[in-house]
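1. Would you be able to build a 3D model of this:
(2 chains)
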Amino acid sequence: MTPIESLLELFGNFTFRTMILSTGIIGAVSGLLGSLLYLRRQTMISDVIGHSAIGGVALGFITCTALLGIDGRSVLTLTISAAITTAVAVLLTNVITRFSRLGSDAAMAVTLAVFFGGGLVLLRWIGHSKLPNRAGIEKYVFGNAATLTGEDLTTIAIIGVLAVAVVVVLFKELMLSAFDPVLAATMGFSPRILQPILLVTVTTGIVIGIKAVGLILMIGFVMLPAAAARQWARRLHTMTLFSAVIGGLSGMVGSILAVHLGRVPTGPIIIVVLFAAFLVSLLASPQRSVLSTWLARRRHRLAGEVAA
Amino acid sequence: MAVLSIRDLTVAYQQQLALADACLDVEEGRIVALLGPNGAGKSTLLKASVGLLSTIRGEVTFFGRKLREVRQRVGYMSQAAEVDWDFPTTVRDVVMMGRYGRRGWLRRPGAADRQAVAEALDAVGISDLAGRQISQLSGGQKQRTFMARILAQDPELFLLDEPLAGVDVASQDAIMAILKGLRAEGKTIVLVHHDLSSVPDLADDVVLLREGRVVASGPVAETFTEDTVMQCYGFQGLKSRAAA
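-> Next comes the predicted model:
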């Protein structure tokens, strides 16, 4: 069987198709949002989002199964509860940074630790409880794309499209406030309007990935495509596009590899693929890579020798 | 009516007063230089007047109105060092940002904006750099890019924080010529300035600040004297002025 045929067969299988499409969308959306965070030097905030999402997952599960009596493991319920919890965590980080003398790195460490620790305690409690459907909830730490349902894919696709739409519609404003927040403010593009929109978009856009690729690896999904894309792009438009493409392709390739290798978690495999893309970009991109710098130095040196 | 009117403006960073009861009136069509040693409150005065810093008390009006009513008529240019020059963007894109305020929320720049950008690039003499990555610019080219951006913004009042910092002689001459050209068009300019020797050539009025207080302000001929400079800078300022 040729590789193409085996790919087509993979796509014919519902579970694999769901998996590949989901990770592709998740990769593309986090790559897109990642490029904005990268340029604001805020990629670490995605680590806060990823880690504190575990508290949201646990709280959401308890609320849904114990109080509302619905399945607490769908991407929709997880996304809503995780988005709320992570938004609170990010706001808390901002509040700590603003009203104390702690730097933003320390503030992020504080909230990340509190929400992650609290989430682990709740997960352990769920594991020992008698709540229905509790099996597998602890797997969210690393994620498992094979457990995604068709409904999950729909949720991921809809939220993904919404996140992309926000970025496209507000691109001018987001670009200006990323490059020169002072000019943005004096022109009347108030951070009081932009910040909450960005916060909601980023938290929701990132937490849709947790069931498929896990909580603690989300920072890699946000940071690696952006860092790779930065090497190739000359303008923010292209960087954002490259970042989304690199993220989306890596998500799909990683999923296919995970299926072929069998019994390996999807998230970590995708991270390896993303890292490979990052490494190639770092070494070989035309303008700012290790290779191009070396070649330019060599050219200057040779020119110097000829002149001498 | 004053183009810019500042009354009792007071700003504090942490425990320290950065600006204490500053008062200032700027008339139309003048170039006003804000002078004073580091930490005197020059940049703070500009930033606080356009609402970038929270103030303790004081009132600022532009053309007799609140800033938010006349945003398009006021342009503020921060120090070039305050942005990330490794950002993936080109000179043309940065200058285009000057047009964003006129377009407002959600609307994209159009042909008229591209025309304004081309004219602004031409006015500061960097049309040939339009497609260049901003990470590859020299200090003078960065300042010219910022100047082109505020020209594209086309305000009536220009508030410039050190537009001549870190530039070579050619760029300094080019930027000073642009400022004088703007004044000839009836525009008003308030700038933070460090080079005392060029004050009489460039400015009409000076405002001397020291430790957050306005120690003297008025026309150059009357106010920019050895006494006031001495009072503002201490001995060092006097020496550098004598050398000039």
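2. give me the number of residues near residue 109?
-> Using chain A here. Residues within reach of A:Ala109, counting by other C-beta atoms under 10 Å in any protein chain shown, total 16. For glycine as for every other residue, the C-beta is placed from the backbone atoms N, C-alpha and C.
3. You answered for a different chain; I wanted chain B.
-> Counted by other C-beta under 10 Å, the residues lying close to B:Pro109 total 18.
4. can you check A:Ala157 too?
-> 15.
5. which residues sit in contact with the closest residue to it other than its chain neighbours?
-> Setting aside the residues directly before and after it, A:Ala157 is nearest to A:Ile25 in space (C-beta to C-beta, 6 or more residues apart in numbering or on different chains), at 5.9 Å. Contacts for A:Ile25 (C-beta atoms under 8 Å, 6 or more residues apart in numbering or on different chains) come out as A:156-157, A:160, A:248, A:251.
6. quick check, nearest of those to A:Arg301?
-> A:Gly248 (40.7 Å; C-beta to C-beta).
7. Doesn't the closest one belong to a helix?
-> Yes. Applying DSSP: H, G, I helix; E, B strand; the rest coil, one finds A:Gly248 inside a helix.
8. Give the closest residue to it in space, chain neighbours not counted.
-> Residue nearest to A:Gly248 in three dimensions, not counting chain neighbours: A:Ala28, with 3.3 Å by C-beta to C-beta, 6+ apart.
9. three-state assignment of that neighbour?
-> On the basis of three-state DSSP, A:Ala28 is classed as helix.
10. Can you tell me how far it is from A:Ala244?
-> The gap separating A:Ala28 from A:Ala244 is 5 Å, by C-beta to C-beta, to the nearest Å.
11. What of A:Met19?
-> In terms of C-beta to C-beta, A:Met19 sits 19 Å off from A:Ala244.
12. With B:Val70 instead?
-> Taken as C-beta to C-beta, the span from B:Val70 to A:Ala244 is 40 Å.
13. neighbour-wise, which of the two wins?
-> A:Ala244 (24 against 16).
14. pretty sure that one is in contact with A:Gly31, am I right?
-> Yes. Contact criterion C-beta atoms under 8 Å: A:Ala244 and A:Gly31 qualify, at 4.6 Å.
15. Which neighbours do the two have in common?
-> When C-beta under 8 Å, 6+ apart defines a contact, the residues bordering A:Ala244 and A:Gly31 alike are A:Pro225.
16. what sits against the residue in chain B positioned nearest to chain A?
-> As assessed by C-beta to the nearest C-beta, chain A sits closest to B:Gly101 within chain B, at 3.4 Å. Taking C-beta under 8 Å, 6+ apart as the contact definition, B:Gly101 lies against A:186-189, B:71-72, B:153.
17. helix/strand/coil for it?
-> Here B:Gly101 is recorded as helix under three-state DSSP.
18. Against chain B, how distant is the residue nearest to A:Gly248?
-> 19 Å (C-beta to the nearest C-beta, to the nearest Å).
19. Thought A:Ala157 was touching that residue, still the case?
-> No. In this structure, A:Ala28 is not within contact of A:Ala157 by C-beta under 8 Å, at 10.8 Å.
20. Give me the common contacts of these two.
-> Common neighbours of A:Ala28 and A:Ala157 (C-beta under 8 Å, 6+ apart) do not exist.
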